[in-house]
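>>> Show me how the following folds:
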Amino acid sequence: MKILQVAAKRVGIAVSILSIQAFWLLGTDAFAQQASQVLVTDGKTNPVNVHSTVNISVTPYQVEQSIADLSTCAPQCVLRYAEVPKGQRLVITHVSAQLSPTIPVVILEGGNGTLFVTKPYKAARHLSAQTTFYYEAGQTPSARMYVPDTSDDTIGHTSLVVTLIGHLIPLQ
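This is a model prediction of the structure:
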């Protein structure tokens, strides 16, 4: 029985080595298929033709807004970002934030809905989350946080920093 186990293990290793050599000799592009055209819409209007990840002319987007002292904006702190340019769609793919431990959620607004992005656990002072949220041309992204009582000096003088990361896609 032990001989069969050793033989099976050696066959598995040989197959793995042959597979790696085949990929190396043929190149990984030999196995890639031609990307087909995909139509992406927001369910209402403004279709975006996505031809492939190589040809699309997306513009990376990463913008940070901050408030030095949350006691200056309590009970609601709102960070506003620049309006989405004409002929573009903003796709937010990641949100990161430095927050007071008393703020449980960052609320993205200004798009065609509202997105609640929560912290990993209640006492966390940070947030880092993958997401997908859309803003159309002319819409102004914003991040809202509800701030509890700021009379406690240890909580009341915390800075807020929210970074939105994604890309701008041209509308066709």
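
>>> tell me the SS of residue 107?
Following DSSP: H, G, I helix; E, B strand; the rest coil, we place residue 107 in the strand state.

>>> Could you check how far it is from residue 117?
8 Å (C-beta to C-beta, to the nearest Å). All C-beta atoms are positioned from the backbone trio N, CA, C, and that covers glycine.

>>> Comparing the two, which shows the higher neighbour count?
residue 117 (21 against 15; other C-beta atoms under 10 Å).

>>> Contacts only, for the more buried one.
By C-beta atoms under 8 Å, 6 or more residues apart in numbering, the residues touching residue 117 are 95, 97, 105-108, 127, 129, 131.

>>> Please name the strands paired to the host helix or strand of it in the sheet, noting orientation.
Residue 117 is part of strand 115-118 when elements are defined by DSSP states H and E. Using DSSP bridges, the strands paired with strand 115-118 are strand 105-109 (antiparallel).

>>> Return the strand it pairs with as PDB; C-alpha atoms alone will do.
Below are the C-alpha coordinates for strand 105-109, written out as PDB (Å, rounded to 0.1, in the frame of the first residue of the first chain):
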ATOM      1  CA  VAL A 105     -20.400  53.500   9.700                       C
ATOM      2  CA  VAL A 106     -19.500  55.700   6.700                       C
ATOM      3  CA  ILE A 107     -22.500  56.500   4.500                       C
ATOM      4  CA  LEU A 108     -21.800  57.100   0.800                       C
ATOM      5  CA  GLU A 109     -24.500  59.500  -0.700                       C
END
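
>>> ok, residue 70 - how many residues close by?
Count around residue 70 with other C-beta under 10 Å applied: 23.

>>> quick one: it and residue 158 touch, right?
Yes: using C-beta atoms under 8 Å, residue 70 makes contact with residue 158 at a distance of 5.4 Å.

>>> Would you mind listing where the protein has pLDDT under the threshold?
1-2, 4-56, 149-157 (pLDDT under 70).
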